[in-house]
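K.L.:
fold the following, please.
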Amino acid sequence: MIVIEICGYKGAGKSYLSGMLTKEFSNLGLDILKTSFAVPLKKLLRNLYVNKYGTNHKFKNFDEFMVLLSKKLSTLINDKKLLTEKILENVDKLKIGYEEYFNNKNFEKGFRILAQTIETNLLRSINENIWVNITVDKILNAKNIDIVILDDYRFLNENLSYLEKLNKNIKAVRIRINYINLKKDELSLHESEKYIDKLPVDYEIIRNDKSYNITLNSLVNKILNNNL
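P.N.:
A predicted model of the protein is given here:
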């Protein structure tokens, strides 16, 4: 099994590359598991009636939203006192995200503010491995999978190269997309984005608008030739 992790700033093209690799490997007859560290978070957000496109919700105001959020988070964190402290510390950021999403109908921005605050400022500050542990369990228990692709490698503890020591049949590949002309916004300055340039990688793809320094076919061949 090859575990491929893709990192890059918001808007660099991680999801696009992940999709193209999935298609290429599938065309070669390989079985793919395409996932991300954020899958459990996205499920949590769906349960809060939040996605990138806008949803119908069952609460009337921010207070009702916070009651539901606290209830959902308490299923993930055992230390309820610490969880309450972290929620109170970040209530202003959560309110900004709520206002953008539910009142201003700026769904993508509101979604990202809420996701970043819940993931990084709340949950990771209590247990930085909360999403890593869930993802690793999924990988280690995957059956008949040749390649796993994760498109949201953003933190140092998400470097899964250590899995090679846990399972001799696993090879780890890490790819960074360096988008030269990327225009960053205020959300790109969030803590979840600040380690991108420091993450260890095996391949660095240089993107200049729609051109790359390596073809998809060449990248696929390098990954397979070096790890199978």
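K.L.:
buried set for the lengthiest helix in the chain?
P.N.:
Criterion DSSP state H: the longest helix present in the chain is helix 14-27. Residues 14, 17, 18, 21, 22, 24, 25 are the ones in helix 14-27 that count as buried (16 or more other C-beta atoms under 10 Å). In this view, the C-beta of every residue, glycine as well, is placed from N, C-alpha and C.
K.L.:
now swap in stretch 134-150 and tell me
P.N.:
For stretch 134-150, by 16+ other C-beta under 10 Å, it's 135, 136, 139, 145, 146, 147, 148, 149, 150.
K.L.:
lowest average confidence across helices and strands of the protein, where is it?
P.N.:
One helix or strand of the chain scores below all others by mean pLDDT, DSSP states H and E: strand 211-212, with a mean of 79.
K.L.:
whichever helix or strand residue 44 is part of packs against which elements?
P.N.:
For residue 44, the host element (DSSP states H and E) is helix 39-47. Contact here means 3 or more C-beta pairs under 8 Å, 6 or more residues apart in numbering; DSSP states H and E; on that basis helix 39-47 packs against helix 62-73, helix 107-116, helix 130-140.
K.L.:
got the contact list for the first one?
P.N.:
For helix 62-73, the surrounding residues in contact (C-beta atoms under 8 Å, 6 or more residues apart in numbering) are 44, 47-48, 57, 59, 83-84, 87, 91, 94-95, 98-99, 102, 118, 122-123.
K.L.:
got the contact list for residue 28?
P.N.:
Residue 28 sits next to 220, 224 when contact means C-beta under 8 Å, 6+ apart.
K.L.:
and it, how far from residue 42?
P.N.:
The gap separating residue 28 from residue 42 is 28 Å, by C-beta to C-beta, to the nearest Å.
K.L.:
again, but for residue 34
P.N.:
Distance from residue 34 to residue 42, counting by C-beta to C-beta: 14 Å.
K.L.:
secondary structure class for the residue lying farthest from the centre of the chain?
P.N.:
The centre of the chain is farthest from one residue, residue 60, which by C-alpha atoms, centre = their mean lies 29.5 Å away. Three-state assignment for residue 60 (DSSP: H, G, I helix; E, B strand; the rest coil): coil.
K.L.:
what does it show for phi and psi?
P.N.:
Note on residue 60: backbone dihedrals following degrees, to the nearest 10 are phi -100, psi -20.
K.L.:
check residue 32 too.
P.N.:
Dihedral pair for residue 32: phi -120, psi 140, per degrees, to the nearest 10.
K.L.:
test my guess that residue 159 contacts residue 7.
P.N.:
No - contact criterion C-beta atoms under 8 Å: residue 159 and residue 7 do not qualify, at 9.5 Å.
K.L.:
where in this structure is pLDDT low?
P.N.:
Along the chain, the parts satisfying pLDDT under 70 run over 184-190, 228.
K.L.:
so what's residue 7 up against?
P.N.:
Residue 7 makes contact with 14, 152, 153, 154, 174, 175, 176, 177, 196, 199, 201, according to C-beta under 8 Å, 6+ apart.
K.L.:
you'd agree residue 93 is up against residue 113?
P.N.:
Yes - under the criterion of C-beta under 8 Å, residue 93 makes contact with residue 113 at 6.8 Å.
K.L.:
who has more neighbours, these two?
P.N.:
Neighbours were counted for residue 93 and for residue 113 using other C-beta atoms under 10 Å; residue 113 has more, 23 against 16.
K.L.:
count the neighbours of the residue lying closest to the more buried one once chain neighbours are set aside for me.
P.N.:
Leaving aside its sequence neighbours, residue 113 sits nearest to residue 97 (C-beta to C-beta, 6 or more residues apart in numbering; 3.5 Å). The number of residues packed near residue 97 is 24, by other C-beta under 10 Å.
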